[in-house]
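J.: Just the structure for this:
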Amino acid sequence: MFDVVKYLAESGVEDAMKDVIHEILTLGRNEVPTEQAEVALCYLSVLADKNDHNALLSLGALHYTGFSDVLPQDYSKAMNYYIKAAESSELKDSWALNNLGYCYFYGRAGEVDYKKAYSCFAHSAMCGNPNAMYKLGDMYYYGNSVEKDQDCSFYWYALAKAQKSDSDPDYQGFLAASIALRLGRAFLYGEGTEVNLIAALLELRTAEVLFYKQLLIGDENSRGQLPKTQKLIKHATTMLDEEII
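T.: Okay, here's the model as predicted:
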């Protein structure tokens, strides 16, 4: 079956190109052989030239992280693709908006701009994006461009957990772990909710396992999050031990 799809893709059939791209990208960005990475980028470029917003979004993501050995990380190019993807979908593509929000939030291609980040995350969250929801929670938690509000931060963290997970195999574990870490912290310290040590430990243990899983597939973003999680786990277990003595 794949040989037929490959033949059709090489013949210029767009749906077949999309199928080939999907098959290649499901291997994980760090696992794709150079030859297949070049094929995926070729087809993505063809589709992007026709203003296919999914292709634009994928190219933005691949430039944001780098892809195999053939595409270096380039935040400026990533941001340009995210903007095009958002515009091509009439500002309805939640992942284009979310990823654009990240560029503004961290100043990936210039200076940090929390107001623009908030706008992007807000639009994306209203489309049901869990990543944008937890980033809104962060902005309320730390007071980035808004007043600090732990009730609002907990609301967005809890709502993020209730959404469908991201389909990106390289990212879905990190996303779920990040949300669990924040909920665990909230339950541990009573930030926007009642203190609940059991709920805190459950969330934090979930985050710990998922961060370990991400590290095993080469996700370096999880390396700094794991010790933070384990520190909170130690605090939660100490508090629980004190309650049962």
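J.: C-terminal to the least confident helix or strand in the chain by mean pLDDT, what's the next element?
T.: Taking all helices and strands of the chain together, the one with the lowest average confidence (mean pLDDT, DSSP states H and E) is helix 2-10, at a mean of 73. On the C-terminal side of helix 2-10, the nearest following helix or strand under DSSP states H and E is helix 14-25.
J.: report the angle between the axes of that following helix and helix 2-10?
T.: For helix 14-25 against helix 2-10, the angle by axes from the mean of the first three to the mean of the last three C-alpha atoms, to 10 degrees is 120 degrees.
J.: Enumerate the positions of helix 14-25 that are buried.
T.: Using 16 or more other C-beta atoms under 10 Å as the burial criterion, the residues of helix 14-25 that qualify are 16-21, 24-25. Where you see a C-beta, it was placed from the backbone N, CA and C, and this is true even at glycine.
J.: Distance from that helix to the middle of the chain?
T.: Averaging C-alpha coordinates over helix 14-25 and over its chain gives two centres that are 22 Å apart (C-alpha atoms, centre = their mean, to the nearest Å).
J.: What mean pLDDT does it get?
T.: Taken as a whole, helix 14-25 has an average pLDDT of 85.
J.: what does that helix contact?
T.: By C-beta atoms under 8 Å, 6 or more residues apart in numbering, the residues outside helix 14-25 that reach it are 2, 5-9, 32, 36-37, 39-40, 43-44, 46-47, 50, 52, 54-55, 58.
J.: Kindly format the C-alpha coordinates of it as PDB.
T.: Output in PDB follows, covering the C-alpha atoms of helix 14-25 (Å, rounded to 0.1, in the frame of the first residue of the first chain):
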ATOM      1  CA  GLU A  14      -1.300  16.200  -2.900                       C
ATOM      2  CA  ASP A  15      -3.300  13.800  -0.700                       C
ATOM      3  CA  ALA A  16      -0.600  11.100  -1.300                       C
ATOM      4  CA  MET A  17       2.100  13.700  -0.300                       C
ATOM      5  CA  LYS A  18       0.300  14.300   2.900                       C
ATOM      6  CA  ASP A  19       0.100  10.600   3.700                       C
ATOM      7  CA  VAL A  20       3.900  10.200   3.100                       C
ATOM      8  CA  ILE A  21       4.600  13.200   5.300                       C
ATOM      9  CA  HIS A  22       2.400  11.800   8.000                       C
ATOM     10  CA  GLU A  23       4.200   8.400   7.900                       C
ATOM     11  CA  ILE A  24       7.600  10.000   8.100                       C
ATOM     12  CA  LEU A  25       6.800  12.500  10.900                       C
END
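J.: Could I get the phi/psi values of the closest residue to residue 114 other than its chain neighbours?
T.: The shortest distance from residue 114 to any non-neighbouring residue, by C-beta to C-beta, 6 or more residues apart in numbering, is to residue 145 (3.6 Å). Residue 145 has phi and psi values of phi 70, psi 0 when expressed as degrees, to the nearest 10.
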